[in-house]
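Colleague: fold the following.
(chains A and B)
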Protein chains: 2
Amino acid sequence: MKALAPQHPEWKDKEPFASLLKGDLKGALAGGEAAIFQIVTVTHSGMTTDEFEKIVQDWITTAKHPATGRPYTEMVYQPMLELLAYLRANGFKTFIVSGGGIDFMRVFAERVYGIPPEQIVGSSGKLRFLMRDSKPVLMKLPDLNFNDDKAGTPVGIQMHIGRRPIAAFGNSDGDLQMLEWAKGGSGVRFALIVHHTDAEREWAYDRTSFIGRLDKALDAAQAEGWTVVDMKNDWKTVFPFGSK
Amino acid sequence: MKALAPQHPEWKDKEPFASLLKGDLKGALAGGEAAIFQIVTVTHSGMTTDEFEKIVQDWITTAKHPATGRPYTEMVYQPMLELLAYLRANGFKTFIVSGGGIDFMRVFAERVYGIPPEQIVGSSGKLRFLMRDSKPVLMKLPDLNFNDDKAGTPVGIQMHIGRRPIAAFGNSDGDLQMLEWAKGGSGVRFALIVHHTDAEREWAYDRTSFIGRLDKALDAAQAEGWTVVDMKNDWKTVFPFGSK
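Modeller: Numbers count the residues shown, from 1 in each chain, chains lettered A, B, ... in the order given. Sure thing, here's the model as predicted:
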């Protein structure tokens, strides 16, 4: 948003942009899902795929988390990195399934998790192929193509991967159907939920959180016997840079 | 179609199904693209993804090409198999980009080309996740999700692969934009068109063919200096089972 703001002077007086540019996340999210959709739409369309990738690369190189002052590329979970490495060392192919924008996640995930662009499943906007100054480009349009959340996650998995995962890992109600889908196949299956319980080292939230709510999936985990990770008690290290 | 016909007695009196079931391809295609769309819709929807995969597996095991009597798994091009093996032996990751249905191509391409399901780009219908008899399933719906043809091909490539190919291979006008997209990136690029010129060993068609028309892409290849393969003169072997 901040990188694009100079080209959009009108954002200064228009919500949810005005609040967000002032760093007031709570004010920006007062508009609920419609506000989030507006933010995603303006930041993820109106440019080519190449231009968008460049914006994300620049953002990743410079942006820092407001609370920790660390680059976002370091704000990843050490146990997740270890799990991905362990699975790959044992012949598994690893994928990211995210509610986030697929083209954003691709840049981030390749750099941080070593997962290539074609192994990312995510939400997406529509694209249009056209010639601009005799060069072929793909324009990112302001129309939703696919929302990779809840009942969308197994659809996204089938669309992009084309086979059912035998192990799946989530941390919110948005992941419930993905975990059901993974567990619903034949043979040995594994489903795991990370429960954010550590307010001191990370964050603690679950059943009433507006973002990342974990309620129905926690009930399902208990009913179905899925593995639940209690971040506070089960994780010795949270972030790669070391945490108490 | 033939495998599904017993469940659809009404097809006997309804075009394009009636002609197709009698083996009259020309009659079935008299209805043009609308007829093709109807055929694809009824054969690619109304079942779960698992059921569809089973139908394709059965078809692949039993169906034979009407002219050669060979299984369709053998009706593939030996030079294409060699090219895929050569590229992979040299560190390339290989993908299929097809106008055909993605879930059909996945079964076929894994078996025949050794390309896994997540490396297939194709046309697709919409899917819906639901619980059926307490088991999670993905239903294939009779609505088009994505048409991987012409200007759709670079969109499909971006959606599924997320990076621009550095080499692309096609054989029809449906591949033109994919080839333009591949050639439009920076650095060394390669685009190739296979021209079906061999009526004796395979088929000969190009500018006026209803199916697989090669007209604009042939002009583009000449204008842009892309490689054009003349099947009759350039290919020593066409099919793996050997041909004159």
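
Colleague: where along chain A do the helices fall?
Modeller: For chain A, applying DSSP state H gives helices covering A:17-21, A:25-28, A:32-43, A:49-62, A:78-89, A:102-113, A:152-160, A:176-183, A:216-224, A:231-234.

Colleague: what is the helix or strand of chain A with the lowest mean pLDDT packed up against?
Modeller: Between all helices and strands in chain A, the lowest mean by mean pLDDT, DSSP states H and E belongs to helix A:32-43, at a mean of 87. If you count contacts as 3 or more CB pairs under 8 Å, 6 or more residues apart in numbering or on different chains; DSSP states H and E, helix A:32-43 packs onto helix A:17-21. For every residue, glycine as well, the C-beta is placed using N, CA and C.

Colleague: could you rerun that using 10 Å?
Modeller: Counting contacts by 3 or more CB pairs under 10 Å, 6 or more residues apart in numbering or on different chains; DSSP states H and E, helix A:32-43 is packed against helix A:17-21, helix A:25-28, helix A:49-62, strand A:96-101, strand A:120-132, strand A:135-146.

Colleague: and for A:Gln78, the neighbour number?
Modeller: For A:Gln78, the neighbour count with other CB atoms under 10 Å in any protein chain shown is 16.

Colleague: pretty sure it sits against A:Lys236.
Modeller: Yes: the criterion here is CB atoms under 10 Å, and A:Gln78 meets it with A:Lys236 at 8.6 Å.

Colleague: lowest average pLDDT across the helices and strands packed on helix A:32-43?
Modeller: Of all these, the minimum mean pLDDT falls on helix A:25-28 (a mean of 90).

Colleague: and stretch A:209-216, how far apart are its ends?
Modeller: One end of stretch A:209-216 to the other measures 12 Å (CA to CA, to the nearest Å).

Colleague: tell me the mean pLDDT over it?
Modeller: 94.

Colleague: what residues sit buried inside that stretch?
Modeller: Residues A:Arg213, A:Leu214 are the ones in stretch A:209-216 that count as buried (16 or more other CB atoms under 10 Å in any protein chain shown).

Colleague: just to revisit the earlier point, with only the CA atoms kept, save the least confident helix or strand of chain A in PDB.
Modeller: Output of helix A:32-43 as PDB, limited to C-alpha atoms (Å, rounded to 0.1, in the frame of the first residue of the first chain):
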ATOM      1  CA  GLY A  32     -14.800  -5.900   7.800                       C
ATOM      2  CA  GLU A  33     -14.300  -8.300   4.900                       C
ATOM      3  CA  ALA A  34     -15.300  -5.600   2.400                       C
ATOM      4  CA  ALA A  35     -12.400  -3.400   3.500                       C
ATOM      5  CA  ILE A  36     -10.000  -6.300   3.200                       C
ATOM      6  CA  PHE A  37     -11.300  -7.100  -0.300                       C
ATOM      7  CA  GLN A  38     -10.800  -3.400  -1.300                       C
ATOM      8  CA  ILE A  39      -7.200  -3.400   0.000                       C
ATOM      9  CA  VAL A  40      -6.300  -6.700  -1.700                       C
ATOM     10  CA  THR A  41      -7.900  -5.500  -5.000                       C
ATOM     11  CA  VAL A  42      -6.100  -2.200  -5.300                       C
ATOM     12  CA  THR A  43      -2.700  -3.700  -4.300                       C
END
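
Colleague: name the residues that touch it?
Modeller: Here helix A:32-43 makes contact (CB atoms under 10 Å, 6 or more residues apart in numbering or on different chains) with A:1, A:3-4, A:8, A:11, A:14-17, A:19-20, A:27-29, A:31, A:52, A:55-56, A:59, A:100-101, A:104, A:123, A:125, A:140-144, A:147, A:210-211.
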